[in-house]
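> next comes the sequence, and after it the predicted model I'd like to discuss.
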Amino acid sequence: MDENYVYEQVAYLSNIACQRMNDFSTQILKTRGGRIGSGMGALLEALWGYMMNQIISQETSLDCEIAWFPNNQYNDFSCIRRDEVWDATSRTGEYFRIEAKSMNIGADESKAHFAALDSEIEPNDALLILVWAWRKIDDFHFSPIVIDSFFDRAKGVAALRDALHIARGGSFVDSTHCPDGCLPYCCTHNGEPLNAAGKRERLSGPNTTRPSLNVSYASNFGGLVRMLKTDNQAARNVFRNMRRQNAVADHYISFIHTNFPNEEKNHYTIAELRETALRLGIDVHSGDKDSLYHAIRSVEGYQTILKNI
């Protein structure tokens, strides 16, 4: 089968899998209480793979299945050809790979990171994000429920992440000028992210850019919410241009802002919100920024107007 066709079908089926996960959760994964930091996100990520395989095998003519990588590495799953030999090293038998992340909407800040280098991502590799919450299902019990999901090409998200990283003052190691003094032909640090202070963001970055003796690496790069932060006008310009020009970036920003509205509200000035409100026919003469934003958010399709301000 054509790889793009398989990709589009799997992306469509992902939403159905999430609904079935919720049905399963309310029947089986119910408990008294539900705490943040429970490790439930990892269980939901795994459950997605099992639900996808059930749907694919029972209800479609697709010749693929979702395989789980046996080792701890970037990418959790691979969409492979069902009746062919699969070699994870050479990618033989694969259609594309999937990195799965989960975010508890009640957490102060998600710990999930998308930190793979652009060079590690193939064009059709996907990023799956499950936003979930503990929901009360009866008088006493709670279940983990997926309230929204993102499935799109990881390359587009990486492009947005990397452009904003540079706009905030960060950089990426060039093998011809590696801080460790590596020879270009054997440098293993090419493309590694460094923060604005020149410190490495990943353990695999140059050793001389370690933040301190007690801190091995900064670990801010690729935070699913944090990667969208814009602390200067140049970064805001990059954010908005990328959103207009990159459909995957637009999808990702809309997804994060829908589920974490404070991030969206804080990104825009009150003047920009007033202009958006005027275009939507909303009264702008009363109320503060919070009330204005909530009024805008209540209008279907408001993000299309907001992103073009």
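Right, received. Where do you want to start? Residues are numbered from 1 along each chain as shown.

> tell me where this protein has strands.
64-68, 77-81, 94-104, 126-136, 142-153, 171-172, 193-194 (DSSP state E).

> remind me what the first one packs against, helices and strands.
It stands for strand 64-68. helix 40-59, strand 77-81 (3 or more CB pairs under 8 Å, 6 or more residues apart in numbering; DSSP states H and E). C-beta here means a position set from N, CA and C on the backbone, and glycine is covered the same way.

> torsion angles phi and psi at the closest residue to S204 other than its chain neighbours?
Distance criterion CB to CB, 6 or more residues apart in numbering; nearest residue to S204, sequence neighbours excluded, is E192 at 6.3 Å. Dihedral pair for E192: phi -70, psi 140, per degrees, to the nearest 10.

> do you know how far E192 is from N214?
Distance, E192 to N214, using CB to CB, to the nearest Å: 21 Å.

> who's more crowded, those two?
E192 (25 against 6; other CB atoms under 10 Å).

> S119 is in contact with the more buried one, correct?
No. Taking contacts as CB atoms under 8 Å, E192 lies outside contact range of S119: 10.3 Å.

> roughly how far does the residue lying closest to D283 once chain neighbours are set aside sit from L29?
Among residues not flanking D283 along the chain, A277 sits closest, at 7.6 Å (CB to CB, 6+ apart). Separation of A277 from L29 (CB to CB) stands at 42 Å.

> Q233: neighbouring residues, count only.
Quick note: Q233 (other CB under 10 Å) scores 9 neighbours.

> meant to ask about S212
S212 is flanked by 7 other residues according to other CB under 10 Å.

> same check, this time on the one 5 residues further on
The burial metric for Y217, expressed as a neighbour count using other CB under 10 Å, is 19.

> again with R153
21.

> hang on, it packs against D125?
Yes. Between R153 and D125 there is a contact under CB under 8 Å: 7.0 Å.

> show me where the stretch 101-250 of the chain has helices.
154-167, 233-245, 247-259 (DSSP state H, counting those that start in this stretch).

> ok, L117 to A196 distance?
19 Å.

> let me redo that: H285
The gap separating H285 from A196 is 40 Å, by CB to CB.

> OK, contacts around the nearest residue to E109 once chain neighbours are set aside?
Excluding the flanking residues, the one nearest E109 by CB to CB, 6+ apart is V225, at 6.6 Å. Neighbouring residues of V225 by CB atoms under 8 Å, 6 or more residues apart in numbering: 103, 109-110, 256, 260, 263.

> hang on, the earlier thing: which stretch among the strands of the chain comes nearest A11?
With CB to CB as the criterion, A11 lies closest to strand 142-153 of those, at 4.8 Å.
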